[in-house]
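S.K.: need a structure here:
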Amino acid sequence: MTKKLYYTSPKTAQWDSEILGCFKENDHYYITLDETAFYPEGGGQPSDAGTIDNLAVLDVIKGTEGDILHKLEKKPSSTTVHCELDWSRRFDHMQSHSGQHLLSAVCRELFEANTVSFHLGKEYLTIDINEAEWTEVHTAEVEKKVNQYIFENHKLHTYYVTKEQVQSLPVVKMPKVSENIRIVEIEGIEYNPCGGTHVERTGEIGMIKILKSEKQKNLTRLYFKCGLRALNDYSEGLGVLSALSNKFNTGRTEIFDRVEKLENDYKRLLAENENLKLEKAKYLADSLLAEDNDGFIHHLFEESSLKELQYLAATLVKKEKTLVLLASQKDQKVILSNSGSLAIHCGQYFKAELSSYKGKGGGNEQTAQAGFDSQADLLAFYQFTIEKLSQNSAE
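M.R.: Numbering: from 1, shown residues only. Next comes the predicted model:
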């Protein structure tokens, strides 16, 4: 039977062990040890990582008989192996799991909101609580209280009880198992049946920062980080804030005002740009209308964008009853608009002719637009349409 060091001495990071068993499956080897500190995935906590005999531990799982199986690419060369735990990963899991217990306890204490699920991900942690009406006020109160408990440095006790003994404890919820019931007690705060790894005192959690809350049907999902994750997140955010402060040559508290001013300036410039495009479209429209076009205006632009052509086409059909075909080599787009006497449905015309030129698009009776994979297809369609619609307008 394997001795589970992750329970008896959870801070063990290196040890030597005897291999009890080994089998191969799907090109990987699975070994069992007489002692292991590698925690198998379970209870919302991912498995540990590290090395055995300098071989990477790819996964740690519970076997059907309750054995702890360590997945390796190769079979160790000796029956006695040296094991090393990825301690940074383990301690992150310990901080996160203990932090989750404490956060859930505070949600329950302050607002009678029970945790129904927990996820320990690579980027952040989440709990789902059975409280739909959650506000920023709730978040602030919970965050303040949970960090107060961290600073008070409460002791965490782990021990086993029988199914009879657990009945006398104020546990968060009754366990699903009926024997070897493991209790994680945060002294003075809660009793929780749990099989995960935990820190020894709440102070080791470091801190808890709630990032945001999110509605999930009748639940609320809290996103948070603990310990070193929270510190790294703060450092990253501070780095961004300092970079912005230096870029704008202003204090951190004034960055928002500077960004707001830039946003307003940008909106003003956009409006001015739109007005210039309208003026340009009017000028081009007058120029094109001055030509003898027989009710059919067509022009190929090298650098104009589709947006500019849309302005121009709309201006042309508004100024005069005419048929307009405009193409943009830059965007490989074409637009067809009609306000003249020629009986042509722009959308239907595109639907009938585009596929022959690998074009995609559509529209309604008055206007349609399309795009092409290549300029060659665009130019071919453009020339074909000029010839075909010129013939129709001459009839």
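S.K.: helices or strands next to the lengthiest helix in the chain in the packing?
M.R.: Selection of the longest helix in the chain by residue count, based on DSSP state H, yields helix 255-289. If contacts are counted by 3 or more C-beta pairs under 8 Å, 6 or more residues apart in numbering; DSSP states H and E, helix 255-289 sits against helix 227-248, strand 296-301, helix 306-319. To be clear about C-beta, it is placed using only N, CA and C from the backbone, and glycine gets the same treatment.
S.K.: buried ones in the last one?
M.R.: What that stands for is helix 306-319. 306, 308-317 (16 or more other C-beta atoms under 10 Å).
S.K.: From residue 299, how far out is the spatially most central residue of the chain?
M.R.: By C-alpha atoms, centre = their mean, the chain has its centre lying nearest to residue 123, at 9.3 Å. To residue 299, residue 123 is 52 Å away according to C-beta to C-beta, to the nearest Å.
S.K.: ok, now residue 202?
M.R.: Distance, residue 202 to residue 299, by C-beta to C-beta: 73 Å.
S.K.: and what of residue 45?
M.R.: Distance from residue 45 to residue 299, by C-beta to C-beta: 66 Å.
S.K.: okay, and for this protein, where does confidence drop off?
M.R.: Counting by pLDDT under 70, the ranges of the chain that qualify are 292-293, 392-395.
S.K.: what about the helices in it?
M.R.: With DSSP H as the criterion, the chain has helices spanning 5-8, 87-111, 136-152, 163-166, 227-248, 255-289, 306-319, 346-353, 375-394.
S.K.: Residue 192: which of those helices is closest?
M.R.: helix 87-111 (5.6 Å; C-beta to C-beta).
S.K.: Give the buried residues for the closest one.
M.R.: By 16+ other C-beta under 10 Å, the buried positions in helix 87-111 come out as 87, 90-108.
S.K.: quick one: that helix to helix 136-152, angle?
M.R.: Orientation check (axes from the mean of the first three to the mean of the last three C-alpha atoms, to 10 degrees): helix 87-111 against helix 136-152 gives 120 degrees.
S.K.: Show me what helix 87-111 is packed against.
M.R.: strand 115-120, strand 125-129, helix 136-152, strand 181-186, strand 190-193, strand 208-216, strand 219-226, helix 227-248.
S.K.: what would the ones you listed look like in a markdown table with mean neighbour count and distance to residue 27?
M.R.: Shown next, in a markdown table, are the helices and strands packed on helix 87-111 (neighbours: other C-beta atoms under 10 Å; distance: least, C-beta to C-beta, whole Å):
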| stretch | mean neighbour count | distance to residue 27 |
| --- | --- | --- |
| strand 115-120 | 16 | 29 |
| strand 125-129 | 22 | 34 |
| helix 136-152 | 16 | 45 |
| strand 181-186 | 19 | 35 |
| strand 190-193 | 19 | 38 |
| strand 208-216 | 17 | 40 |
| strand 219-226 | 22 | 37 |
| helix 227-248 | 13 | 34 |
